[in-house]
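K.L.:
Sequence and computational prediction follow.
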Amino acid sequence: MGPCIYVIKRSCINWLKKLKEKPAVIVGIAVFFFIFIMPLLFQGNSVDTTRAGGLNILYLIFFGLSLFFVGASLIAGLSTGTSFFTMSDVNLMFTSPISSNKILLYGIIKQMGRSIVVSVFMLFQIANLRANFTLSIFKSVYVIIIYMMLVFISQMVSLVIYSFTNGNQRRKSAVKYTAMILLLIVIAYIVYGMINRGTEVIQEFFIFAVPVSGWLLGMLVGVLSSNFVLLAISTGVIITFVLAVIGVMIKYKPDYYEDCLINSENAYHARQVMKGDRSAQANIKKKIRYKNVKTIKFGGGWGASSFFYRHMVEIKRAERSVLFGTSSVLFLALGVGIGLVAKSDYDFVYAGFGIMCYVGLFLVGVTKLTQELSRHFIYLVPDSPFKKLLYASLSSIVRPFISGILLFLPPVFISGFPIVRSIVLILCFASVNCIYISANIVMHNIFGKHSSMSIIMFIYFLFAVLFLSPAAGFGVLFGILFSSVSIGFLIASLVNFGTTMIVLFICRNLVHNIEFK
């Protein structure tokens, strides 16, 4: 294990040494911790208990989030799989005379470190957890730790599913349909339980027995509710599961790294593509499926509009439907959950809106426009740069609008939430996603594709907050003046759409000259 420990130690030392050459990273880290610490200092040791929500709401949010993570990891395991290793690990570790068991342990330790880094943004939620659920700092930090465990264990689920089903279609089908049936049973149980017993359903034995998601929820409930028996059982089950996964990989998959090799190569080439190396795209190994797609027309697709038309065809080819995708079922389930919780208080609808807007900040990722900017076609079309940028971004706005309908329309039928407020929230949700796309465009306009991803992510976060500030200010102002929450959200939506159009106009030269990028 000595060589593996040396590689981990040397990687950490080299990262610290590189900080001397990147003062922007040091400034970014300092600003990050400043933004994290200031709310805690202003909040002090005491919190307002009069506006605190029940812990069952927190448990429902965590359980839904864990189902999403585990489900996404399971889907990845059935298709492309995941990898704990980078190409440098492949070159250094896989070719060394080290046992595969030690290499696996090395990969698990590195993945635990990545899970901590990925979850660092959750530190911003400590102030919210204290304010909304009257949690102490210790318990708030514990919630973040459970979230880190969720990220790590989800990756392990993806790895073991891929190793178990790779090359065996019968096993893939069995795992896929078993997971779908279990998910439907869990959702039906929660919906039925909330109708009859309210949010108390989340603390029933059946929920705690759900693989991974229920076990982690048991660890969370065990500490926050001082149920130490549940904590001990859930912790024991999680430890047993992790050890069982490692044992299975060691005993039945001694050459597991062969499964990881292709995924490591694909991940490496994908990162190179994001940095601007177009030749790396050809090295990504994909399963090609041929489908017969009927022609769909949106005004003929001429000039700049041809990009929107082509994006719609690509979306339909990939997911069979332009409007609804694989995530639509999840959004609908979340909408139903929000509607059930909102029976007691309509404020939970607004809380759901805030949470989904926050999650959307990290889900924008690579849009169709991002892909177009790596090709030469968009620069050669003889049309207005503003129109080209607008039409190339338009396909990324359609899905958020549909997701908003699935999220905020169910509360109207389930809890009697006002239809006007629901429509306004749908518009506002779509406008917030437009702001995220605008921030993405600004990042491309300033940095191109040849910058540190960590710095880009941090500055992208700051630009998103900056662009949302006018809408937040005008929304609060008009909401107070007219004593109407709906008017406040409507004004915020209009300001967001206006901000998006201004950003598109200012950055229109992004698709005018390819030499600049």
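P.N.:
Thanks, I have it. Numbers count the residues shown, from 1 in each chain.

K.L.:
where are the low-confidence patches of the stretch 101-250 of the chain?
P.N.:
Flagging of the stretch 101-250 of the chain using pLDDT under 70 yields the residue ranges 101, 104, 114-115, 117-121, 124, 166-167.

K.L.:
what do you get if the cut-off is 90, keeping everything else the same?
P.N.:
Scanning the stretch 101-250 of the chain with the threshold set as pLDDT under 90 gives 101-145, 147-206, 211-213, 223-228, 241-250.

K.L.:
quick one, strands of it?
P.N.:
Ranges of strands in the stretch 101-250 of the chain, per DSSP state E, counting those that start in this stretch: none exist.

K.L.:
Next one: residue 485 relative to residue 479, how far apart?
P.N.:
6 Å (C-beta to C-beta, to the nearest Å). C-beta here means a position set from N, CA and C on the backbone, and glycine is covered the same way.

K.L.:
just residue 20 next, same as before
P.N.:
48 Å.

K.L.:
Between these two, which is the more surrounded one?
P.N.:
residue 479 (18 against 9; other C-beta atoms under 10 Å).

K.L.:
Enumerate every residue touching residue 423.
P.N.:
Residue 423 makes no contacts at all, as judged by C-beta atoms under 8 Å, 6 or more residues apart in numbering.

K.L.:
same thing but 10 Å
P.N.:
404, 405, 408, 409, 412, 486, 489, 490 (C-beta atoms under 10 Å, 6 or more residues apart in numbering).

K.L.:
Following element in sequence after the particular helix or strand that has residue 423 in it, please.
P.N.:
Residue 423 is part of helix 419-447, with elements assigned from DSSP states H and E. Per DSSP H and E, the first helix or strand lying C-terminal to helix 419-447 is helix 453-481.

K.L.:
helix/strand/coil for the residue of the chain positioned farthest from its centre?
P.N.:
Largest separation from the mean C-alpha position in the chain: residue 97, at 38.0 Å (C-alpha atoms, centre = their mean). Classification of residue 97 by DSSP: H, G, I helix; E, B strand; the rest coil places it in coil.

K.L.:
got the phi/psi numbers for it?
P.N.:
As for residue 97, its main-chain torsions (degrees, to the nearest 10) stand at phi -80, psi 60.

K.L.:
Begin at 15 from now on, thanks
P.N.:
That works, and once the first residue is 15, the last one we named lands at residue 111.

K.L.:
quick one: it from residue 124, how far?
P.N.:
Distance from residue 111 to residue 124, by C-beta to C-beta: 20 Å.

K.L.:
Apart from its chain neighbours, what residue comes closest to residue 163?
P.N.:
Nearest residue to residue 163, sequence neighbours excluded (C-beta to C-beta, 6 or more residues apart in numbering): residue 230, at 6.3 Å.

K.L.:
show me the contacts for the one you found.
P.N.:
76-77, 80, 83-84, 160-161, 163-164, 167-168, 222, 224, 248-249, 251-252.

K.L.:
Buried only: go through the contacts of residue 437 for me.
P.N.:
For the contacts of residue 437, a burial check counting by 16 or more other C-beta atoms under 10 Å picks out 418, 419, 422, 423, 426, 500, 503, 504.

K.L.:
Surely the first one is in contact with residue 439?
P.N.:
So that's residue 418. Yes - if you go by C-beta atoms under 10 Å, residue 418 and residue 439 touch, sitting 7.0 Å apart.

K.L.:
okay, and the common contacts of these two?
P.N.:
Counting by C-beta under 10 Å, 6+ apart, the shared contacts of residue 418 and residue 439 are 367, 370.

K.L.:
where in the stretch 365-514 of the chain is pLDDT low?
P.N.:
Using pLDDT under 90, the flagged stretches of the stretch 365-514 of the chain are 365-432, 444, 447-484, 486-487, 490, 493-500, 514.

K.L.:
Could you rerun that using 50?
P.N.:
Scanning the stretch 365-514 of the chain for pLDDT under 50 picks out 464-465.

K.L.:
quick one: residue 33 and residue 126, what's the gap?
P.N.:
Taken as C-beta to C-beta, the span from residue 33 to residue 126 is 22 Å.

K.L.:
higher neighbour count, those two?
P.N.:
residue 126 (15 against 11).

K.L.:
can you tell me which residues contact the more buried one?
P.N.:
98, 162, 163, 165, 166, 169.

K.L.:
Looking at the residues you listed, which one is closest to residue 456?
P.N.:
Nearest to residue 456 out of the contacts of residue 126 is residue 165 (C-beta to C-beta; 28.2 Å).

K.L.:
Tell me the spacing between that closest one and residue 130.
P.N.:
9 Å.

K.L.:
higher neighbour count, the two?
P.N.:
residue 165 (19 against 14).

K.L.:
and residue 238, how many neighbours?
P.N.:
20.

K.L.:
what do you get for residue 105?
P.N.:
So residue 105, with other C-beta under 10 Å, has 11 neighbours.

K.L.:
likewise residue 74?
P.N.:
Neighbour count for residue 74, taken as other C-beta under 10 Å: 23.

K.L.:
do the same with residue 320
P.N.:
For residue 320, using other C-beta under 10 Å, the count is 20.

K.L.:
Tell me the spacing between it and residue 402.
P.N.:
For residue 320, the distance to residue 402 - C-beta to C-beta - is 10 Å.

K.L.:
Over to residue 425?
P.N.:
For residue 425 relative to residue 402 (C-beta to C-beta), the value is 38 Å.

K.L.:
Kindly report the same for residue 492.
P.N.:
34 Å.

K.L.:
which one of these two has more residues nearby?
P.N.:
Set residue 492 next to residue 402 and count neighbours by other C-beta under 10 Å: residue 402 wins out with 26 against 18.

K.L.:
dump the residue contacts of that one.
P.N.:
Residues counted as contacts of residue 402 (C-beta under 10 Å, 6+ apart) are 317-321, 383, 386, 391-393, 395-396, 522, 524-526.

K.L.:
What separation do you get for it and residue 318?
P.N.:
Residue 402 is 4 Å from residue 318, by C-beta to C-beta.

K.L.:
Export the helix or strand where residue 351 lies to CSV, keeping only CA atoms.
P.N.:
Under the criterion of DSSP H and E, residue 351 resides in helix 342-355. Extracted in CSV, the C-alpha atoms of helix 342-355 (Å, rounded to 0.1, in the frame of the first residue of the first chain):
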residue,chain,number,x,y,z
SER,A,342,-39.7,14.6,-16.6
VAL,A,343,-41.0,11.7,-14.4
LEU,A,344,-38.8,12.9,-11.6
PHE,A,345,-40.0,16.5,-11.9
LEU,A,346,-43.6,15.3,-11.9
ALA,A,347,-43.0,13.2,-8.8
LEU,A,348,-41.4,16.2,-7.1
GLY,A,349,-44.4,18.3,-8.1
VAL,A,350,-46.8,15.8,-6.6
GLY,A,351,-44.6,15.8,-3.4
ILE,A,352,-44.7,19.6,-3.2
GLY,A,353,-48.5,19.5,-3.7
LEU,A,354,-48.9,17.0,-0.8
VAL,A,355,-46.7,19.0,1.6
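
K.L.:
Averaged pLDDT, it. What do you get?
P.N.:
In this model, helix 342-355 has an average pLDDT of 80.

K.L.:
Among the contacts of residue 230, name the buried ones.
P.N.:
76-77, 80, 83-84, 160-161, 163-164, 167-168, 222, 224, 248, 251-252.

K.L.:
Pull the number of nearby residues for residue 438.
P.N.:
Neighbours of residue 438 (other C-beta under 10 Å): 22.

K.L.:
Give the residues shared as contacts by residue 320 and residue 402.
P.N.:
Taking C-beta under 10 Å, 6+ apart as the contact rule, residue 320 and residue 402 both touch 391, 392, 395.

K.L.:
Please tell me how far stretch 256-265 is from the chain's geometric centre.
P.N.:
28 Å (C-alpha atoms, centre = their mean, to the nearest Å).

K.L.:
Ok, stretch 71-83 next?
P.N.:
Using C-alpha atoms, centre = their mean, the offset of stretch 71-83 from its chain centre is 13 Å.

K.L.:
Let me know the average pLDDT across it.
P.N.:
84.

K.L.:
Show me the helices in the stretch 15-164 of the chain, by range?
P.N.:
16-32, 37-57, 69-93, 101-106, 114-132, 139-147, 151-179 (DSSP state H, counting those that start in this stretch).

K.L.:
Fine by me, thanks again.
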